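J.: Here is my input; please provide its structure:
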Amino acid sequence: MTNFAEIWVYLSREPLLWLTATLAAYALGDACYRAAHRAPLVNPVLIAVALLAGLLWLTGTTYKRYFEGAQFVHFLLGPATVCLGYPMYENLPRVRRALLPMGLALLAGSITAVASALGISYALGVHGEALASLSAKSTTAPVAMGIAEKIGGSPTLTAVLVILTGIMGAAMATPLLNLLGVKDWRARGFAVGVAAHGLGTARAIQVNPTAGAFAGVGMGLNAVLTAVLAPYILKFFL
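T.: So this is what the prediction gives:
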């Protein structure tokens, strides 16, 4: 037991340990996801987060120490987000034909995402930095953290909220849209992209190529519009 503790102390100082742990946790989550035939509720990211949180708690590892290794994965968020533009390019003619309804849906979705989160939180007694951190929770993580920093929120808290929003959106989108009877893959994909950013878009790509393309468009446009709208909507709650 003593030897194990000494080995762990040594390994925990190495950044590659936490990079390996992150990749292994996601690989296990993805294996569960595939075994469940890609059921939306068996989300690989959710499983990976739960496994890593448990490991950090059991070992008493600080987030700062963990991030020294996990930052390599964090760096890939930017390139991964850019890669989501490829299915959009493949479906560019279909995107152009739907510009007007997409624009109206984008405006409604962006305002609703920001205003509803701030309004409900404010009514429940959330104020200050925590409230500002909620404003960008429906945009992709790199953009959301930048927005939070500019408007007085906590980028770290925003990142957590973004992940939770994406996980919930990816898990709930398919059952909810089926229940509502939405059958147009363009509408389904765009709605998921606006509401659940990268994680929702990744789920949409798995379900249908057209849905994935429109989800990528929704995610990108929502990030831009939220960066513009969030500071103004936040002022109503300060």
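J.: Let me see the contact set for Arg203.
T.: 40, 170, 173-174, 192, 196 (Cβ atoms under 8 Å, 6 or more residues apart in numbering). All C-beta spots, glycine's among them, are computed from the backbone N, C-alpha and C.
J.: meant to ask about Leu41, not that
T.: Ala171.
J.: That one: what secondary structure?
T.: coil (DSSP: H, G, I helix; E, B strand; the rest coil).
J.: quick one, phi/psi of it?
T.: phi -80, psi -20 (degrees, to the nearest 10).
J.: do you know how far it is from Leu107?
T.: Computed with Cβ to Cβ, to the nearest Å, the distance linking Leu41 and Leu107 is 31 Å.
J.: and Ala187, what pLDDT?
T.: Reading off the confidence values, Ala187 has pLDDT 90.
J.: ignore the last one, Ser110
T.: Reading off the model, Ser110 has pLDDT 91.
J.: There's contact between it and Asn222 in this structure, I believe.
T.: Yes: Ser110 is in contact with Asn222 according to Cβ atoms under 8 Å; the separation is 5.5 Å.
J.: okay, and the common contacts of those two?
T.: Joint contacts of Ser110 and Asn222 (Cβ under 8 Å, 6+ apart) are 138, 194.
J.: from the contacts of Arg203, which has minimum pLDDT?
T.: Among the contacts of Arg203, Pro40 has the weakest pLDDT, 73.
J.: and it, what does it touch?
T.: By Cβ under 8 Å, 6+ apart, the neighbours of Pro40 are 170-175, 203.
J.: now the helices for this protein?
T.: 2-12, 15-35, 44-59, 63-75, 77-83, 85-90, 92-97, 99-123, 128-134, 141-150, 155-180, 185-207, 209-235 (DSSP state H).
J.: Counting by contacts, list what the fourth one packs against.
T.: In terms of contacts (3 or more Cβ pairs under 8 Å, 6 or more residues apart in numbering; DSSP states H and E), helix 63-75 is packed against helix 15-35, helix 44-59.
J.: average pLDDT across it?
T.: According to the model, helix 63-75 has a mean pLDDT of 77.
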